[in-house]
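> Attaching a predicted model along with its sequence, questions to come.
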Amino acid sequence: MFAFVVRRITQAIFVMLIISLVGFSIKNEIGDPVRDMVGERVTPAEREALRDKLGLNDPFVTQYLRFAKNAVQGDLGLSFFHKKPALAVIAAKAPATLELVFGAALIIIFISLPVGIFSAIYPQSAFSRFTMAFSTLGVSVPVFLTAIVLIYIFSVELNWLPSYGRGETVNLWGWHSGFFTVDGILHLILPSFALASIMLPLFIRLIRSEMMEVLETEYIKFAWAKGLRRKRIWFVHAFKNTLLPVITVFGVQIGIMFAFTILTETVFQWQGMGFMFLEAVERSDISLLVAYLMVVGAIFVVVNTVVDIIYGLVNPTIRIAGR
Amino acid sequence: MIKTWQRFKASYLLFSFKQDKTAIFSFVVLLALLVTGLLAPVFSPYDPYDPANIDIMNSELPPAWMEEGEKAFMLGTDIQGRDLLSTMIYGLRLSILIGCGAVILQGVLGVVVGLLAGYLGGKIDAVLMRVADIQLSFPYLMVAIFISAIFQVAFGIGQYEDLAVPLLIVIIGLSEWPVYARTVRASVMGEKNKEYVEAARVIGLNRWRIMFRHVLPNTMTSVLVISTIQVANAIMSEAALSFLGLGMPVTKPSLGSLIRSGFEYIFSGSWWITLFPGVFLVLLVMVINLLGDWLRDVLNPKLYKG
Amino acid sequence: MKKLLAVTLTLAVLFGAGAIAGATTLKVGLDADPVSLDPHVQLSGGMLQYSHWVFDPLVRYAQDMSIEPRLATRWERIDELTMRFYLREGVKFHSGNTFSAKDVKFTLERLKKSIDFKGLFELFTEAAIVDQYTIDIKTKKPYALLLRMCTYIFPMDSEFYTGTDASGQPKDAMVKIGPSFALANESGTGPYKVAEREHGVKLVMDRFADYWDSASPGNVDRLVLSPIKEDATRVAALLSGDVDFISPVPPQDFKRIEKDSKLNLFTYPGGRIITVQLNQKRRPEFRVQKVRQAIVHAINNEGIVKKIMKGTATPAGQQSPQGYAGYNPNCVPRYDLKKAKALMKDAGFANGFECTMIAPNNRYVNDEKIAEAVVGMLAKINIKVNLKTMPKAQYWDEFDAQVADIQMIGWHSDTEDSGNFSEFLIMCPNKETGYGQYNSGNYCNPELDRMTLAAQSETDLNKRGKILIQIEQILYDDAAFVPFHWQNHSYGAKKNVDAAPIINTMNFPYFGDIVVK
Amino acid sequence: MQHLLEVNDLEVKFGLRFGDLTAINGISFSLDKSERMGLVGESGAGKSVTGFAIINLISKPGFISGGRVMFNGRDLTALSDEAMRDIRGNHISMIFQDPMMTLNPVLTIGTQMVETLLAHRSITRTEAKSIALEKLKKVQIPSPEKRLAQYPHEFSGGMRQRIVIAIALLTDPEIVIADEPTTALDVVSQVTEKIAVMYAGKIVESGPTDQVVNDPKHPYTQGLIKALPGSLQPGAKLNQIPGMMPTLTDIPPGCAFNPRCPLSDTICRQQEPPFIIINGATRRVACHMAKPDPSNGTT
Amino acid sequence: MTSDENGLLALKQVVKHFDISGGLLDQLRLEKGKITRHRTTVKAVNNVSFTIAPGETFSVVGESGCGKSTLARTTLGIYPPNSGKILYRGERIDNKNAQQMLPFRRKMQMIFQDPYASLNPRKTVMQTLEEPVVFHNPSISSGQVKDRVAAVMSNVGVDPKWAGRYPHEFSGGQRQRISIARALMVDPEFIVADEPVSALDVSIQAQILNLLMEAQEQRGLTYMFITHDLSVVEHISTRVAVMYLGTLCELSPAKALFNSPRHPYTQALLSAIPKLGRKKSGHIKLKGEVPTPINLPTGCVFHGRCIHADQRCVEEIPEERTVENKVSVACHGVEEGRI
C-alpha cells in the first residue's frame, strides 16, 4: 500500500510536470490574453506595456520557472479573465462538473447494471434485443446532438425541464451543490443524461458480455451444481466477478467523461470546469488553462488510484502493494 | 491469392457472417456508403467545394418535394446555397478519410508503443504507459489547438484548406493512440509468455523479429476489433472538433460540420440542414459499430473498449 | 450536529427556491456578462451596458440619437474649449453618499488614467469645479464631439472609491488582473445596485430604492443577468421560459421567435459596419483600383443581408449608417456581377488570381458565414480565396500580423460619428499617432487623412458634415474597402416585457426604464 | 431391486444451427449405495456430459433428448427446477475437473462452503460454519479456522482440490460424481469396483473393475490398457491405437471405433454393435467380435 | 558412458532466482515507523548440477512447482542463470550473447507441454517449420526448404499435404507432432522436452512417446525429459533426476531408482504410482504442505515433510553424494545410513 501510494504520487507529479510544460508551450498559440483584457481601441503600445507588466514578454524559461516556483507553493497563477487565483476559479467550478459527472455516473450505474444483467441472463428476450439495438444507436449519436435533441424535446417542446445552467444551489461549506434543491436536481437531469448517453450503451454492452462470460465459467457451473438458488448465483457469484472488468473500464471511462463535459457543459451552459476550459481557451487565459490541465491530470491519477483501490477490494487476488 | 480466397471462403468468419443478417445488412450499407463517398464526384450532382457553383440566393431551399423546393436540389440547400445532397456525399468522403486515416495513425503509434511496452516491460513499459496516461488526461481540444497552431506556423493559412484533412488526422490520431497502446499491451502481455514465443527464442530469433513477426500478428485480432469502434469514434471526434470550430474549413464542410450547424438550426425550421447529414452520420457510425460488434463476437468475445 | 445540518438544508431549500413574493424579477440571458464591476477596467459593449444599469452618465443618447440629460440637467458651451455642465441635485449614490461635482472630476481623472479609456479622453484636460453642482469640462483643442464623449462619463462615488482596501491597495486602483476594490464593489447612481455576482455565472441587481429618476417607468425590482454564450442554448432558454429576455438572437431563429405566441422579437438598426479590407501591401493586385472596384461589384451584400442575416441588417455602400454626420445617400450598394467581370478584364485579371482571407467565427453576427459567402462570390470573378476562420481570441493577433490578403473587420463608432471610422480603418497606419490602427488594407490617401483630422476639430457641424460626406464619396469611388452591412441588434422577450422603448442603436438596453406587465 | 441411481438409455444432444449433434448416444448404467463406479474414456468421449446430465446441468446448447435418470425412484429429467436444485449439491454432488477454476475467485472459501449448506438445510450460519470446519479437517486442511476466511488464490492447487472435495461432501450426499480430465485408467482401476468404458458417446464395455482391467473384451479397452507405459518393459515400443477418436460431427457409420480397430470387419463398418451381456450379467460389451453370453440376450 | 567428463551437456551449480519484488518502491515497506526494503525472490532452481551423456534420455521429475520447467528453460538459455555454469560439449554457453549463441541454437531444441500454446496460431505449419531452417541457413533455396519440411513432416507422421494449414485445424496429438517436427527441423543433437505428453490422452500419449523414441533411435538424439508422470519416466528414461523445491534430491539410473529409491522424497513419490488393476497399497503419505519457493526452508528443503528429519536436516543443507554405482543422493539420513 505504501509503495502504491508513493508511486501514484510520484506518477501524479510527473504527469503534472509534463502537462504543465506542454500546456505552457501552447500558450503562444491560443492567442494573446491582453487582447481580451482591453477594448479594441487600446493602442498596440499600451498593450505591449501591459504584456511587459504581466511578464508575458519574458523568455519561455523564465516564465516557466516562475510558474514552477509558485506552483510548488500551491499557487498556479492568476486567471486573467476571472481576476482570481486560477486554483480558486477551478475550485469554484469543480463542484458543478463533479456533480455532473457524478449524476451521469449514477445514471450509468443505475441503468446499465440492471439492464446489462438482465440481458445477460435472458439474452434472447425481446427486451434484451431491443436494448442491444438501442444501445448501438446510442453510441452512434454524437453527444452534442443528443444534448440538443434533449433540450429541444424536454425544454422547448414539452417545457418539463430547464434548458441551461445549474439552477438553485446550496452553499455547503464553500461547495455549491445542486443536489439539495428541487430546482438544482431538475437542472441536473438533462445534462447528466446527455453526458451519460455516450457511455451508457458501452456499459450495458460491457456488463452484458462480461456477465454472459462469467455465467459460462466453471465456478458458476459449480455453484449450480451445489444447488444454490439462482438469485445467489446471479447476484453474488456472477455479479461480483462481472464487476471486476467493469470497474477497470469505468475508471478509464470516467477520465474520458471529464473530456466530454466540455461539450455537454457548453451546450447546457453548465458552469463547470469544462465550460470554464473552453472559455479560457477563447479568452487565452493561459494560467487558468495550465491550471486546468494540471488539475484534470491530477483528477485522472486520483480516479485511477481510487479505481485501483476499489478493484483491489473487490478482487482478492490483487495485492495492491506488489504486482 | 486464389488460395487465400478459398481459405476465406471456407473460414468461420465468412460462415458466421452469412448467418448474421445484421452483419450482412451493415456490411451492405457500409459498402454502399464507402462507394458513394469514395466516388463522390460521380454520385453527387454538384461539386459543393467549388465556390463558383454556389449562389447565395439559393440558400436554405427545402427538399425538392416540399412546396418551395427546387428540383435541382433534391435534399434542399444549406445557408450558403450549397446542394445538400452533394455536400453530404462529399462530407461522407471526408469523414471516411479522416476516420480511417486517424485510425491508421493511432493504430500504428499505439500498436508500436503497446508492443514495446508489453514485450520489453520494465522501465520502458513504465515510461511509455505514463506517456499514455498523460495523453489520455490531455483533452483532445488542446491537442487540436496546439497542432493547428504548429501547422499554421509551418505552412501559413494559404494552405489551410488543403492541410485540414491531414491536420485532423494527426490531431485525432495523436489523441487516441493510448487506446491501442493499452489494448495491445494487455494482449502482448498475455501472448509473450506463451510457449510459441519461447519456441521462437529457442530457435534463436532476436527479440525484434519475435515481437513483430510472432507476437504482433497474434494481437491483431483485438486491434482489428477496436479499430471499428475507433473509426466510429474518430468520425465523431471530427464532428466534435467541427462543433467547437476546430475542424474542417467552412468552405469544405464534413458531415461533422454539417451537424454542427444542426445546433444552430434546431429552432429555425430548416430541419433538412440538420436532419439529413445527422441521419447520414449516425447511419455510417452505426453500421461500423454493428460490424465491430459482430466482429468482436466472432473473433474475441472478451474484448472491450478501454 | 446532524439535526442542525438537516435544518440548515431545509432552510436553504426554502429560501433558495422561493423568490420574494410580489416582486418583479426580469431574467436576462445575454451572450456575456461584465468582466468587472469597475466600469473603467475595460471599454467594451458589455461594460457600457452594465454602466447604464448600475451607473448613470452625465448625458445619454435617446432612441432618436438626441442627447438626453441624465446627471447633467443642462449644459452650455463657454468657449471653443470649454463646456459647462449643471448637475442634478439630490442624487444619491448606492452607498448613500450625495452626488456632486467632485465626483465628476474624480471620474474624469480616473478615465484619463484608464488604459482603455485614455484614448477616448485624450483631448480632455482637467475638469474645473465651478460650484458643488456646476463643472467645466475642457479639451486641449476645439472638439466637436465633446458632448457626445460625456455619454462615457458615468460618475463614480469619489468618497466610496477613496482610501485603501483591506489589502492596502488604493480603492480606486484599476487592475487588469487580480483583485481590486472596484472589481467587487460598486457605488453608482444608477437604477440598480449589484446584489450578487458570480463572474461568468450570474449578476443579480436589485432596484436602487433611492434612485433619483422617479419619472422612470421602470418597474423591475430585480434584474438577473445570466451569460449564455451558445446561441442555440440562449434561444432555448427563452423558448422554454427559463429567461424573459435574450440578446442577441441569431438570425436563423428570428422566424421561430416571431411565430411563438408568447414571445416578441425586437430588432434595432445598429451602427456596426462589417467590412473586409484588401491588403495592398501583400497583394499588388489590390493596388489596382479596378480590381478593388470589381470586388465590390462582385459582392452581393443585399443577398447576404437577405439570406444570411435574414433581413435584419442594412446593406451598406459606405462606413456611416444613416443618421451619422457623414452619411452619403449616393453611396449605395452596387452589386453587378457583369460589371465586376468587365472590370477584372479591364484591369488585366480576366483569369483572376488566388489569395488568402481570414475572418473571426465568433465575433460578429454570422461572421463565418459571411466570409464563406465572400469566397463563393469572388470565385465568380475568378478570384480563388483560401479562407480560414478562427475564434476571436486567436483572430486579433493574426489580424494585426496581417497574415492574410483579405481580412474581415467590423467597426462601431465609439462616438456615434463618422470620423471615428476613418480614424481607425482608413487613415494611413501610423504607429506614433495610432491612426489607422485597424487599417489592415494599408489603403493610404494623405488627402483623406488631412480631411479626417480637419473634421475632428471643426466645431461647425454643418461644415464638418460636408467634409465627412465627401470622405465617404472618395472612399466609395476608390473602393477603398468592401462594405457589407450594418448589423442590427436583436432582442427576444416574453410578451409581457415591453422592450421596444428601451432599446437603441448603441445596443445599450436601458433596463432601468423597462416595464414588465 | 431398486438401484440408487439408474441411468436408462440416456441421450444428450447439442442443438447447433446446422442440426443436432448427439453427444451421448443412449447409455445405461446403474449405481447402488456405497458403490464406486468409474467411467473412463478419452476426452470428448462424453464422460463429463454424462455427469452433468445426471444432475440435469448441461450447458446450452446441450439438452437431454431421451432416456431417464432415476434417483431413488424419481426421474431427475422430469423434476421441477426447484426440486432439482434441492437434489444438486444435497443428494448428488459433483467434483469438477479443474480445481483451479471451480472455486469462485472473489468469495472466501468459508462463504462458498456455508452458502451450500444454507441452500439445503435450515440451519444458522454458525452451525453451517462448524460443519464446514469439520469437513475441512476431514480433507486435512491445516488450521481450517483461518483458512475459512481466505480466498481461493491463497491455496495451492492440491489444497483447492481438497476444498472442492470438502464442499462436495458438506451435505453428506448419497452420490458424488467426480469428473477427471484425463483417461486415467490406472487411477480409476485402483479405486472403483465397477467400470464403464466410453467411446464416442457410447459405453462400449462395462463390468467389475478387475475383470475389465485384467480381461478386456473390447478392442478399444484392450488398446487403452496396452498403451499405458507402466504395463510394459521400459524402453519397449508402446502399443498405440492408431488414429484418434472421431469428433461428434464425423462419427463413422457402424461401430464408431472401426477405423482404429485392428479387428475391424465389414459388419463393423455397417452395423452398430449391440451392447451384449457376457460373463453372466456382470459384464457387457458392444463389439461384433465379442461372444455373447448364451444365457442372456441383447439389449 | 562418455569419454568426456562433461558429457554432452553439463550444469554446474546452476542457480536461477526470479526477483518478483518489482521496482524499488514496491520493495519498500513501512514497518514500525521505519522504511525497510524487502525483496521477494522466487528461488526456482538452487545449486543444481548434473551431466547428460550423449544419446541418453535424462528425465527430471517432481511435483508441479518444483522448478523443473525453469530448469529446462535455464538449460536452453531462455532464462539466464544467476550463477553457475552451463556447458555444451565442454563449452560454456550461459555467458554467450545472442549472436554467439546461434550455433548452439541449432544443436539444442525444445518441445513444449501445451500443444495449443506452443504453435503460433497465425502461422501455417509450413511457416512454422521453415522458419528455423531459413533462419539458420539464410542461403538455402526455397525448394530445399520445402523438401525438408515435407520430409520431417512425414517423419513425425503428419501428412505433408497439410503444410498449408493452420494449427487450429489439427488435433492435440497432431500439433504435438508438429511441435516435435519444428524441433527436428534444424537437425539438433539435444532436445529438452517439457512435459510433452501430459496434456494428451492415453492413446495419443503412446503415439507421441513412440515417436520420440523412434526419433531418438534414428537420429541419435539426447533428451532431457521433464515430467511429473513416473510411469512415463520409468518407461523411457536412462537416468532420472528427482527434484524438490528447486533442489536435486536424487540422481540415479532409471532402473536403480525405480527398484530402490533412496531419498525419502523419492520413496514417497514412487509409492504413489498407480498401477493398473492393483488396489492401492503402501502409499507413503507426506505430512504438511509444500513450502513456497519464496521462503525456502533452512537446511534440507524437504525436512518439514520428512518423517526421518532430525536437527541436522533442519540446519545443514545436504550435499549430493554418490552412494553406489552412479546413484547419488542428497540426504543426511542416507549419508548417515539412517535410511
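Cool, got the structure.
> Need phi/psi at residue E:265.
Backbone torsions for residue E:265, taken as degrees, to the nearest 10, come to phi -70, psi -40.
> pretty sure residue A:42 contacts residue C:119?
Yes: look at residue A:42 against residue C:119 with C-beta atoms under 8 Å: they come within range, at 6.8 Å. From N, CA and C alone the C-beta is placed, and that goes for glycine too.
> Neighbour count: those two, which is higher?
The residue with more neighbours, out of residue A:42 and residue C:119, is residue A:42; 24 against 17, by other C-beta atoms under 10 Å in any protein chain shown.
> Spit out the contact partners of that one.
Residues near residue A:42 by C-beta atoms under 8 Å, 6 or more residues apart in numbering or on different chains: C:43, C:115, C:116, C:119.
> contacts with chain A among those, please.
Among those, the residues that sit close to chain A (C-beta under 8 Å from any C-beta of the partner chain) are C:43, C:115, C:116, C:119.
> and of these, the nearest to chain A?
Among the ones next to chain A among the contacts of residue A:42, residue C:43 lies closest to chain A (C-beta to the nearest C-beta), at 3.3 Å.
> Please report the distance of that closest one from residue C:106.
Residue C:43 is 19 Å from residue C:106, where distance means C-beta to C-beta, to the nearest Å.
> So between these two, which is more surrounded?
More neighbours surround residue C:43 than the other of residue C:43 and residue C:106, with 23 against 19 (other C-beta under 10 Å).
> Mind listing what's buried along stretch D:176-192?
Buried positions in stretch D:176-192, judged by neighbour count with 16 or more other C-beta atoms under 10 Å in any protein chain shown: D:177-180, D:182-183, D:185-190, D:192.
> Between which two of those residues is the distance greatest?
Greatest spatial distance among these (C-beta to C-beta): D:177 and D:186, at 20.2 Å.
> most residues in a single helix of chain B, which one?
Identified as the longest helix of chain B according to DSSP state H is helix B:84-120.
> now chain E
Secondary structure assigned by DSSP H gives helix E:202-219 as the longest helix of chain E.
> pLDDT averaged over that one, what's the number?
Helix E:202-219 shows a mean pLDDT of 87.
> Is that helix positioned near chain D?
Yes: using C-beta under 8 Å from any C-beta, helix E:202-219 reaches chain D at E:202, E:203, E:204, E:205, E:206, E:207, E:209, E:210, E:213.
> in its sheet, what does the helix or strand harbouring residue E:226 sit against?
Residue E:226 belongs to strand E:222-227 when assigned by DSSP states H and E. Sheet pairing of strand E:222-227 (DSSP bridges) gives strand E:57-61 (parallel), strand E:190-194 (parallel).
> want to try a markdown table for those strands, with distance to residue C:459 and mean pLDDT as columns?
Converted to a markdown table, these look like this (distance: least, C-beta to C-beta, whole Å; pLDDT from 0 to 100):
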| stretch | distance to residue C:459 | mean pLDDT |
| --- | --- | --- |
| strand E:57-61 | 113 | 91 |
| strand E:190-194 | 106 | 91 |
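> Please name whichever of those strands is nearest to residue B:297.
Smallest distance to residue B:297 across the strands paired with strand E:222-227 (C-beta to C-beta): 35.0 Å, for strand E:190-194.
> about what we covered before: so can I have CSV of the ones next to chain A among the contacts of residue A:42 showing pLDDT, secondary structure and distance to residue B:58?
Below are those laid out as CSV (pLDDT from 0 to 100; DSSP: H, G, I helix; E, B strand; the rest coil; distance: C-beta to C-beta, whole Å):
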residue, pLDDT, secondary structure, distance to residue B:58
C:43, 85, coil, 41
C:115, 84, coil, 48
C:116, 83, coil, 44
C:119, 81, coil, 45
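> how about these in a markdown table, adding distance to chain D?
As requested, these are exported to a markdown table (distance: C-beta to the nearest C-beta, whole Å):
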| residue | distance to chain D |
| --- | --- |
| C:43 | 66 |
| C:115 | 65 |
| C:116 | 65 |
| C:119 | 72 |
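> Show me the shaky parts of the stretch 151-300 of chain A.
A:174 (pLDDT under 70).
> got the residues of it near chain C?
Within the stretch 151-300 of chain A, the positions adjacent to chain C are A:151-152, A:155-156, A:159, A:162-165, A:168-171, A:180-183, A:266-269, A:271, A:276, A:279, A:281-284 by C-beta under 8 Å from any C-beta.
> Drop anything exposed from these.
For these, a burial check counting by 16+ other C-beta under 10 Å picks out A:151-152, A:155-156, A:162-165, A:168-170, A:180-181, A:183, A:266-269, A:271, A:276, A:279, A:281-284.
> Need phi/psi at residue C:485.
According to degrees, to the nearest 10, the main-chain angles of residue C:485 amount to phi -160, psi 170.
> Who are the contact partners of it?
Neighbouring residues of residue C:485 by C-beta under 8 Å, 6+ apart: C:273, C:274, C:301, C:304, C:305, C:309, C:313, C:314, C:315, C:316.
> for the helix or strand harbouring the first one, packing partners?
The secondary structure element spanning residue C:273 is strand C:263-278 (assigned by DSSP H and E). Helices and strands touching strand C:263-278, as assessed by 3 or more C-beta pairs under 8 Å, 6 or more residues apart in numbering or on different chains; DSSP states H and E, comprise helix C:254-259, helix C:367-379, strand C:406-411, strand C:482-494.
> and the second one with chain A, contact?
No: contact between helix C:367-379 and chain A is absent, the nearest approach being 14.4 Å (criterion: C-beta under 8 Å from any C-beta).
> Other residues contacting that helix?
B:50-52, B:54-56, B:79-81, B:250-251, C:274, C:276, C:295, C:298-300, C:303-304, C:308, C:357, C:359-361, C:364, C:384-385, C:387, C:389, C:406, C:408, C:410, C:484.
> Please pull up the helix or strand immediately following it.
strand C:383-390.
> quick one: buried residues of that next one?
Buried, per 16+ other C-beta under 10 Å, within strand C:383-390: C:383, C:385, C:386, C:387, C:388, C:389, C:390.
> Out of the residues you listed, which comes closest to residue C:476?
Nearest to residue C:476 among the buried residues of strand C:383-390 is residue C:383, at 20.8 Å by C-beta to C-beta.
> lowest average confidence, helix or strand, in chain B?
Across the helices and strands of chain B, mean confidence by mean pLDDT, DSSP states H and E is lowest for helix B:2-9: a mean of 67.
> For the one residue sitting closest to the centre of chain B, give me its contacts.
In chain B, the centroid-proximal residue (C-alpha atoms, centre = their mean) is residue B:99; its distance is 2.0 Å. For residue B:99, the contact set (C-beta under 8 Å, 6+ apart) comprises B:231, B:232, B:234, B:235, B:238.
> quick check, nearest of the buried residues of strand C:383-390 to chain D?
For the buried residues of strand C:383-390, the nearest to chain D is residue C:390 (53.4 Å; C-beta to the nearest C-beta).
> contacting residues around the closest one?
Applying C-beta under 8 Å, 6+ apart to residue C:390 gives the contacts B:245, C:358, C:360, C:361, C:398.
> How about residue E:8, nearest residue that isn't a chain neighbour?
Leaving out its chain neighbours, the residue that sits closest to residue E:8 by C-beta to C-beta, 6 or more residues apart in numbering or on different chains is residue E:54, at 4.4 Å.
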